[in-house]
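> Build me a model:
(chains A and B)
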2 protein chains.
Amino acid sequence: MGEAWSAVDEARQWRRLMEMGEIGAIAGGDGAKGVNRACLTPLDRKARRLLISWAEPLGLKPSADRLGNLFLRQEGSDPDAAPVLSGSHMDTQPNGGRFDGIYGVIAALEAVQALREAGAAPRRPIEIVAWTNEEGGRFAPGCMGSMAYAGYRPPDAWDAAEDPDGVRFGDALREHLAAEKDLPRRPLGVVEGRAPHAYVEAHIEQGPRLEAEGKDIGVVSGIQGSRWFVVELTGETAHAGTAPLSLRRDAVQDMVRAVAALNELMRDPSDVLRFTVGRIEVSPNTSNSVADRVRFTIDFRHPSAEVLTERGDAIERTVRGAVRDCGVSVTERFNAAPVEFSPVVTGAVERAAAAQGLSALRMPSGAFHDAQFMVPLCPTGMVFVPCRKGVSHNPAEYSDPAQLAKGTRVLAQVLAELAA
Amino acid sequence: MGEAWSAVDEARQWRRLMEMGEIGAIAGGDGAKGVNRACLTPLDRKARRLLISWAEPLGLKPSADRLGNLFLRQEGSDPDAAPVLSGSHMDTQPNGGRFDGIYGVIAALEAVQALREAGAAPRRPIEIVAWTNEEGGRFAPGCMGSMAYAGYRPPDAWDAAEDPDGVRFGDALREHLAAEKDLPRRPLGVVEGRAPHAYVEAHIEQGPRLEAEGKDIGVVSGIQGSRWFVVELTGETAHAGTAPLSLRRDAVQDMVRAVAALNELMRDPSDVLRFTVGRIEVSPNTSNSVADRVRFTIDFRHPSAEVLTERGDAIERTVRGAVRDCGVSVTERFNAAPVEFSPVVTGAVERAAAAQGLSALRMPSGAFHDAQFMVPLCPTGMVFVPCRKGVSHNPAEYSDPAQLAKGTRVLAQVLAELAA
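Numbers count the residues shown, from 1 in each chain, chains lettered A, B, ... in the order given. Coordinates of the predicted model:
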């Protein structure tokens, strides 16, 4: 079984990625081809059906839990053994690429198929997973599926979360489960079932380091922590031509003050800290009315739990101190502590890369991933592959077929070792 | 005919305003009732039909021009005389009130009806007008109908302007004209026809002065100038967790820099200048992606043509100087010079107020109005009535029945004098 990974088929995996990328395809600049496939939409369901259509002929059994997390199970020689879990997510950002998330799902399928074709018969079951709503692009926050699986939040915690069209997550999920009611329902993770034996997720790096350093494989040491906030400023609308500036309660102007003050709070000469205001909604949002309400998001990340706590906890008072005329509400929507991955997995990834003659780099992940929430449940780790210029969440996102196949070969060997 | 204005019926006018306010009614805070009636929508057409249903039984003849401007004509004893024109607009802001615009249309109807009931038979025709798209809330800029009527812009100048749903103005207008094809088509203002004899527009003040000074009637001396701009900043999207801040081209951060610099440019200790950023659109507008595009509007007004020119012309270089990482485009969408109204009309308004024992205040208008574009065509003026706390463009907008009737009585006497 030592060489089972060599059955990984670079061309087959690439074909599947390209076929999947047609579902929700969008055009980017310079001829780039991206994907807009939001979670719990008909496009998402079409992509899941395509995945199942590849897996079922191999004998893998589909099932889904109450959060819509999709599993494809290859039975082990000991069906009672805790399974090895591997996968990622299939949803994308609104202006996303063809690799983020979906690569980890298709790579897990390719790895399992390669092991089967090589005649490997691991003791433990291997389950391929596609987590619901990792991106948080339609419903914030992201990672709902894995958080619920891990018991990190109750499964109904986000029922009232609304997408930009006012559709509630709970309603979208209900509609989704009804559309997939032919799939067997399985218990929800450790909340209703038991922990897996291990979790391994393959992913494009979404950063520039592997490419810049000419490495094939990122051995991911852990994930920086993330805190997401929503700030709502409430002023008063008024006529842009008549209301004197001194009497206004202009939510746009207070937003500008708040963001400027937050930039000071988040200043970091080492450039390790990540602070992003990526979403702004203005009401009534007409050019000749003073805004009475602005909502904006804060995405704050850092590898240090101390920095996350100190600066994150200072966000609300910083906004309150900066705002001049508006009412302020600051709500924390997501808080994921930094995690370190298990040496059981990082060791297996390093051994596999070495055995296959691939260059590897130990590195932390700047992006969060579903793997973050598996850490308390079981030995967990990730395999990164390079992506061009580090671009992600963009149609220009790209990783070449050979790089992707190398990552999948490492994944196959790691899964074989963990499932043995 | 001297007392014809006394036939103005306060209760009838109020009932019509309230009935009209049901078309597009929305709820405001504290039980306030507002209106969202965008131009060229089915609600707009329903409102226009209601107006026609009140006017036709009085013998007024409806007609519309190619911009959708609606006219209700009372014939004069000399049908060849140039008509006196009076009216305003029926569209509202998305979160608008029950008085802005529509009061001037219903007041003109009430004034004409009162003159008829008092047996007055003016020599000149009187035409009530409802201008298309004064607000600019759905399609920017505002005042398209009156600008086209006055030949200030070609009638097809805004065909490509899009509403927030991507509907083009030209298409919405075509659909609208088709839905009203039973109305006789008339020539478009001075472009296809001839100038009116005079134009008078009644309107709520939309500012606090009349109420604060306890005056019944505002004798409007002129309108400050307005310049509208759209700024587009183009950066590059990136992953909020991985992209170092030093390498980002973040359009939100550049928007904050630009607005802060514009605040400096627009600083005015006298508090006469009006500067508003009321609309912001962010792309892709997700919390965990760096924004690659921000578009925001600038609404800049001042009574001095010199200030408008100097500071308005400095906007583009101020934005370019402030922005750090993004491409910049600044487009001027609207430019209306300050105007002074004719003593023919302001004198008539002052005489009418005095004759009726009402207190009056000469004052400029902070808001722009369709009247602005009539100034080059004919003697033009406006009658203001107080509104509570100066609130407008908001469901809390309010003026009481007695105040509104006083304005209409003044308007009736002015129309009678001008049409004699």
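> Which helix or strand contains the residue located most distally from the centre of chain A?
For chain A, the residue at maximal distance from the C-alpha centroid (Cα atoms, centre = their mean) is residue A:242, at 47.2 Å. Per DSSP states H and E: residue A:242 is located in neither a helix nor a strand.
> so it makes contact with residue B:209?
No: the criterion here is Cβ atoms under 8 Å, and residue A:242 misses it with residue B:209 at 9.4 Å. Backbone N, C-alpha and C define where each C-beta goes, glycine included.
> would you say residue A:218 is within a helix?
No: in this structure, residue A:218 is strand, not part of a helix, as judged by DSSP: H, G, I helix; E, B strand; the rest coil.
> Not counting its neighbours along the chain, what's nearest it?
residue A:384 (2.8 Å; Cβ to Cβ, 6 or more residues apart in numbering or on different chains).
> residues from the stretch 1-150 of chain A in reach of chain B?
Applying Cβ under 8 Å from any Cβ of the partner chain, we find that the stretch 1-150 of chain A lies next to chain B at A:93-95, A:135-137, A:140, A:142.
> May I have the distance across stretch A:202-211, first residue to last?
End-to-end distance for stretch A:202-211, by Cα to Cα, to the nearest Å: 16 Å.
> ok, is it in contact with chain B or not?
Yes: for stretch A:202-211, a contact with chain B is found by Cβ under 8 Å from any Cβ, at A:205-207.
> residues making contact with that stretch?
For stretch A:202-211, the surrounding residues in contact (Cβ atoms under 8 Å, 6 or more residues apart in numbering or on different chains) are A:86, A:88, A:99-101, A:103-104, A:107-108, A:215-218, A:361, A:363, A:366-367, A:369, A:382-390, A:392-393, A:397, A:399, A:407-408, A:410-411, B:239, B:241-243.
> just stretch A:158-167 next, same as before
A:38, A:138-141, A:144, A:168-170, A:172-173.
> From start to finish, how long is stretch A:205-212 in a straight line?
So stretch A:205-212: terminal residues 12 Å apart, Cα to Cα.
> could you list every residue that touches the residue farthest from the centre of chain A?
Here residue A:242 is in contact with B:205-207, B:274, B:366-367, B:390, B:392 (criterion: Cβ under 8 Å, 6+ apart).
> residues in contact with residue A:279?
A:295-297, B:282, B:285-287.
> Neighbour count and pLDDT added to those, as JSON lines?
Output for those, formatted as JSON lines (neighbours: other Cβ atoms under 10 Å in any protein chain shown; pLDDT from 0 to 100):
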{"residue": "A:295", "neighbour count": "18", "pLDDT": "98"}
{"residue": "A:296", "neighbour count": "25", "pLDDT": "98"}
{"residue": "A:297", "neighbour count": "23", "pLDDT": "98"}
{"residue": "B:282", "neighbour count": "24", "pLDDT": "97"}
{"residue": "B:285", "neighbour count": "21", "pLDDT": "93"}
{"residue": "B:286", "neighbour count": "28", "pLDDT": "88"}
{"residue": "B:287", "neighbour count": "23", "pLDDT": "90"}
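> Tell me which two of those sit farthest apart.
A:295 and B:286 (13.4 Å; Cβ to Cβ).
> quick one: contacts for the residue of the stretch 301-420 of chain A found nearest chain B?
Nearest residue of the stretch 301-420 of chain A to chain B: residue A:366, at 3.6 Å (Cβ to the nearest Cβ). Applying Cβ under 8 Å, 6+ apart to residue A:366 gives the contacts A:206-207, A:224, A:274, A:301, B:239, B:241-242.
> So which of the residues of the stretch 1-150 of chain A next to chain B wins on neighbours?
Most neighbours among these, by other Cβ atoms under 10 Å in any protein chain shown: residue A:142, with 30 neighbours.
> what's the pLDDT at it?
Looking at residue A:142, its pLDDT stands at 91.
> Give the closest residue to it in space, chain neighbours not counted.
residue A:136 (3.0 Å).
> residues contacting the one you found?
Counted by Cβ under 8 Å, 6+ apart, residue A:136 has contacts A:142-144, A:228, A:334, B:286-288.
> List the contacts of the spatially closest residue to residue A:56 that is not a sequence neighbour.
Leaving aside its chain neighbours, residue A:56 sits nearest to residue A:62 (6.9 Å; criterion: Cβ to Cβ, 6+ apart). Residues counted as contacts of residue A:62 (Cβ under 8 Å, 6+ apart) are A:52, A:55-56, A:70-73, A:183-184.
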